[in-house]
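1. Using only what follows, build the 3D model:
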Amino acid sequence: MKSTHKTKTWTSLWTVYILWGSTYFGIAIAVKTMPALLSMGIRFTLAAILLAGIILVRKGPNEFRIPSKEIINAGSFGALRLGIGLGALALAEKTVPTGIAALIFCCLPLWVSLFRTLTGDKPSTLTLLGIAIGFAGVAVLIKPGQVTAIAGSDHEKLWFWIAVILFGNLSWSVGTFLAPKFPMPKNSFISTFYEMLSGGLILFILGLLKGERFSAFAHSTLASWLAILYLAVFGSVVGYSAFVWLVANAPVSLTTTYVYVNPVIAVILGTVFLKEEFHFSELIGGSVVLIGVLLVVMAESKREPTTI
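-> Residues are numbered from 1 along each chain as shown. Sure, this is the predicted structure:
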């Protein structure tokens, strides 16, 4: 019995490592020939439809009958995390290499811990040390001349798009920090359904306001369409299902290791398949970020668990 549980734990963990780590690569492939915001809108809408189908088959339509307040809350956090957070990431990945984007986006635990500190939640010395080290690593990463923009993009706007990723990461972190303070659906899959549905809608609205058009998809490549399908099915539905199982069945200290393994997967895929340049200075900065995140995760895992 213990052996079976251990096998399930590590299978789920590596599923999250690989699938979530590869989403940065998938986004880069999708936005090469697709409007960034509208394509992510399609991703999350498709994922929401697939998830709704799974819930209907396994639980029935009554599972969707929850208080309107919970629907509004889930939708609001979906708008923050998926609509703004991942929308910003998708826009930036037209210019910023996937490995750097992943390293910056993995700062989520640093932001959440910082918010806790600012709202009077006394942090441990290890947490404070981790926050300081993590953001020092980010400073190294964004130092002018450290990062090479994606070939064919505007190098002059590289730092603007890195700032956009930081803003998206901040938005995701705000949603993560506030979510436990509001009534949410008890079924995490129902919560995710409404988050994805809301995130997709916000992305469609933002995309159209930005000037993106659905007609542009007529010129999209097969690779981009396959990337969207992969992101919806594997990145969103399968990856999230594995994560939910881990949250319920594995120690939080083990579950949260995805935060600092995902960037490694992203760097490898970007370097090997997209021929992105990854300099020694970026390796140093990225390593410092991951050390800071590791310290924070270790410290926070000993406190009341929060999904990060």
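
2. Report the helix of the protein that spans the greatest number of residues.
-> The longest helix of the chain (DSSP state H) is helix 2-33.

3. same question for it, mean pLDDT?
-> Confidence for helix 2-33, expressed as mean pLDDT, is 92.

4. next SSE after that helix?
-> If you walk from helix 2-33 toward the C-terminus, the next helix or strand you reach (DSSP states H and E) is helix 36-58.

5. residue boundaries of the helices in the chain?
-> Counting by DSSP H, the chain has these helices, from start to end: 2-33, 36-58, 68-78, 87-92, 98-105, 108-118, 125-141, 158-178, 188-210, 222-230, 239-249, 252-255, 258-273, 280-300.

6. for the second one, packing partners?
-> This means helix 36-58. Helices and strands in packing contact with helix 36-58 are listed as helix 2-33, helix 87-92, helix 188-210, helix 222-230; criterion 3 or more Cβ pairs under 8 Å, 6 or more residues apart in numbering; DSSP states H and E. C-beta: built from backbone N, CA, C; applies to glycine.

7. ranking the ones you listed by burial, who's on top?
-> With neighbours taken as mean count of other Cβ atoms under 10 Å, the helices and strands packed on helix 36-58 reach their highest mean count in helix 87-92, at a mean of 26.

8. neighbouring contacts of it?
-> For helix 87-92, contacts defined as Cβ atoms under 8 Å, 6 or more residues apart in numbering pick out 24, 27, 30-31, 36-37, 39-40, 101, 105, 161-162, 164-165, 167-168, 171, 202-203, 206.

9. Would you mind listing where this structure has pLDDT under the threshold?
-> Low-confidence regions of the chain, defined here as pLDDT under 70, cover residues 1-3, 302-308.

10. Tell me which residue is most central in it.
-> Per Cα atoms, centre = their mean, the C-alpha nearest to the average position across the chain is that of Leu86, at 6.6 Å.

11. Let me see the contact set for that one.
-> Residues near Leu86 by Cβ under 8 Å, 6+ apart: 40, 168, 172, 199.

12. 7 Å instead, please
-> The contact partners of Leu86, taken as Cβ atoms under 7 Å, 6 or more residues apart in numbering, are 40, 168.

13. Over to the one 10 residues further on?
-> Remark: with contacts taken as Cβ under 7 Å, 6+ apart, Val96 is in contact with 158, 161-162, 165.

14. got it, and Ile265?
-> By Cβ under 7 Å, 6+ apart, the contact set of Ile265 is 17-18, 21-22.

15. Out of those, name the two that are farthest from one another.
-> Using Cβ to Cβ, the two most remote members of these are Tyr17 and Ser22, lying 9.3 Å apart.

16. can you list contacts of stretch 160-174?
-> Contacts to stretch 160-174, defined as Cβ under 7 Å, 6+ apart, come from residues 80-81, 84-89, 91-92, 95-96, 101, 104-105, 107-108, 111-112, 115, 142.

17. Go through it and flag the buried ones.
-> Residues of stretch 160-174 classed as buried: 161-162, 164-166, 168-174 (neighbour count, 16 or more other Cβ atoms under 10 Å).

18. And for stretch 66-78?
-> Along stretch 66-78, the positions that meet the burial threshold by neighbour count (16+ other Cβ under 10 Å) are 66, 70-71, 73-78.
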